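Q: Test case, fold it:
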Amino acid sequence: MKKMGLHELISLTFDSDPKVRKQAAVELAKYDAPGAMFALVELTYDKDKNVQETARKLLDEAKGKEPEMMSFADVFSKGENGERKEEKEEQERPRTTAREKMLEPIEKMFEEKLGKERAKKMKKRMMPTLEKMYMKAMEEKEGGEREISKENKKVVEEMLEGYLDVVAGSGEKETEVSEPRQKSLAEELGLVSTKELKPDEVFKEVEKSSLEDESAVEDGPSPEEEWAKENADMSPGGTVFKFAFDTMMASKGDEKVMKKAMKKLTKNTEDQIKLAFDVAKKRYKELNITDITEIQSGMKNINTGALYVKSLEHKDYQRTKTKKDVFTRIVVADPDGSEGLIYLFNQRGNPIRPGMKLKLEKAYSKTFDWSGETAMTVSKKGKVYIIL
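A: Numbering: from 1, shown residues only. As a prediction, this is how the structure comes out:
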């Protein structure tokens with residue numbers, strides 16, 4: 001297998017061919033990244049036994065090379081023979097180490113947020129990442145012992161609680177972890193980076209993203225089209241959690257850095273929400289004309305309310321250089337009494353009489369060169385309704 005990036009390797013763990021998944025596991029073991037650990041743990045539940053054994057063996061080797069790394073995954077996953085550990089044995093085993101004690105509030109949080117059965121599945125999938133987070137947040141004390149400070153522990157648990165709230169609120173049932181085509185939690189959280197981000201770099205990325213959004217709105221076809229395009233498949237939960245996790249890892253649980261990052265992200269989100277509503281307001285006015293004086297050349301997909309026909313006349317116009325045709329020029333008024341023009345072609349204005357009320361759908365407006373007037377008109381797709 002040629003040298004591939006972590007994104008590509010993780011995608012191969014979903015391949016239908018077990019040989020491809022097995023080779024992907026071998027390549028993933030070469031990465032020291034949370035995303036790789038996620039993928040390997042998930043492969044230990046693969047339907048194919050050879051893939052399971054390979055992934056489990058590679059995880060064991062990785063633990064041997066990194067002795068300080070606590071095996072949260074072992075506590076909640078299968079044993080070496082692929083069978084579940086007996087619950088009784090799990091309950092009776094004393095929690096003597098500092099690392100094991102850290103599991104107690106996490107276990108409670110999972111069960112409170114997700115329920116017992118769903119919590120078991122999520123714990124198996126998330127423990128490798130939580131392990132990394134806690135190990136990064138640990139500080140060395142006197143005597144060489146390492147433990148997590150109250151402040152850092154609070155930051156980690158708040159992040160986890162927020163994420164579990166999103167998962168619990170989604171109402172979606174977790175799929176079986178043995179499915180080879182299921183979405184990797186590594187991908188869900190976006191934890192596929194092979195290097196740690198520095199706090200300043202994290203902030204620069206957010207600022208760069210914000211500037212790119214603003215630039216896209218200014219230079220794109222139109223604000224509403226760009227907004228719809230960029231946000232069609234937006235997944236706020238995963239994006240925000242990824243940003244928070246990267247900041248947490250980069251700052252090693254520094255609460256000041258976290259608060260600064262949160263403030264920047266909140267400001268960026270507020271700006272995007274304001275833009276969304278400004279665009280929606282503008283778009284609504286373009287599509288649903290409430291004041292006929294707002295009509296400007298170039299508007300499309302115009303829908304009007306009831307318009308009163310004050311007068312009309314059938315006039316000749318130069319259709320081509322050699323041919324003339326007839327159109328209907330209609331002066332209409334909106335409910336406030338403001339006046340505007342409607343041009344109708346191809347004899348569509350013949351049934352209309354003064355005193356009637358009209359309504360346009362999917363109309364557009366333009367300034368006609370041969371008359372110099374700006375008027376609403378309809379193409380073959382547009383409709384003109386006579387309101388009785």
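Q: Show me the shaky parts of this protein.
A: Regions of the chain meeting the criterion pLDDT under 70 cover residues 1-4, 6-7, 33-35, 38, 63-103, 125-242, 284-290.
Q: Scan it for its longest strand.
A: strand 307-318 (DSSP state E).
Q: Give the pairing partners of that strand; include direction for each.
A: Strand 307-318 pairs in its sheet with strand 324-333 (antiparallel), strand 357-361 (antiparallel), by DSSP bridges.
Q: which one of these lies closest to residue 370?
A: Closest to residue 370 of these, according to Cβ to Cβ: strand 324-333, at 10.1 Å. All C-beta spots, glycine's among them, are computed from the backbone N, C-alpha and C.
Q: re the thing from before, and for the longest strand of the chain, what's in contact with it?
A: By Cβ atoms under 8 Å, 6 or more residues apart in numbering, the residues outside strand 307-318 that reach it are 292, 324-334, 339-340, 342, 349, 352-360, 370-371.
Q: List the buried residues in it.
A: For strand 307-318, the neighbour count (16 or more other Cβ atoms under 10 Å) marks 307-309, 312 as buried.
Q: could those be laid out in CSV, adding distance to residue 261?
A: Listed next are the buried residues of strand 307-318 as CSV, based on distance: Cβ to Cβ, whole Å:
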residue, distance to residue 261
307, 53
308, 57
309, 60
312, 63
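Q: And those residues, which is closest to residue 107?
A: Among those, residue 307 lies closest to residue 107 (Cβ to Cβ), at 66.4 Å.
Q: thinking again about what came up before, of the strands paired with strand 307-318, which approaches residue 47 most closely?
A: For residue 47, the closest of those is strand 357-361, at 54.1 Å, according to Cβ to Cβ.
Q: buried residues in the helix or strand just after that closest one?
A: Going down the chain from strand 357-361, the next helix or strand is strand 364-367, by DSSP states H and E. Neighbour-count burial for strand 364-367, counted by 16+ other Cβ under 10 Å, picks out 364-366.
Q: can I see the domain layout of this structure?
A: Listed by automatic domain parsing, the domain ranges of the chain are 6-138+148-172+184-189, 199-236+248-285, 292-387.
Q: Tell me the spacing between residue 312 and residue 37.
A: 75 Å (Cβ to Cβ, to the nearest Å).
Q: Correct me if wrong: residue 361 contacts residue 379.
A: No: at 11.4 Å, residue 361 does not count as touching residue 379 under the criterion of Cβ atoms under 8 Å.
Q: Pick out whichever of these two has more residues nearby.
A: A direct count of neighbours by other Cβ atoms under 10 Å for residue 361 and residue 379 places residue 361 higher, at 14 against 9.
Q: Which residue is the nearest non-sequential neighbour of that one?
A: Closest residue in space to residue 361, ignoring its immediate chain neighbours: residue 383 at 4.4 Å, by Cβ to Cβ, 6 or more residues apart in numbering.
Q: Helix, strand, or coil at residue 354?
A: coil (DSSP: H, G, I helix; E, B strand; the rest coil).
Q: Compute the number of surrounding residues for it.
A: Neighbours around residue 354, by other Cβ under 10 Å: 11.
Q: One more: residue 43?
A: So residue 43, with other Cβ under 10 Å, has 24 neighbours.
Q: And for residue 276?
A: Every residue meeting other Cβ under 10 Å relative to residue 276 is counted, giving 15.
Q: what about it, helix or strand, and which?
A: Going by DSSP H and E, residue 276 is part of helix 255-287.
Q: Distance check, the closest residue in space to residue 18 that isn't next to it in sequence against residue 55.
A: Using Cβ to Cβ, 6+ apart and skipping residues adjacent in sequence, the residue nearest residue 18 is residue 48, 3.8 Å away. Relative to residue 55, residue 48 is positioned 10 Å away (Cβ to Cβ).
Q: With neighbour numbers in mind, choose between these two.
A: Neighbours were counted for residue 48 and for residue 55 using other Cβ under 10 Å; residue 55 has more, 26 against 16.
Q: Let me know whether the more buried one touches residue 25 as I believe.
A: Yes: the pair formed by residue 55 and residue 25 meets the contact definition of Cβ under 8 Å, at 4.7 Å.
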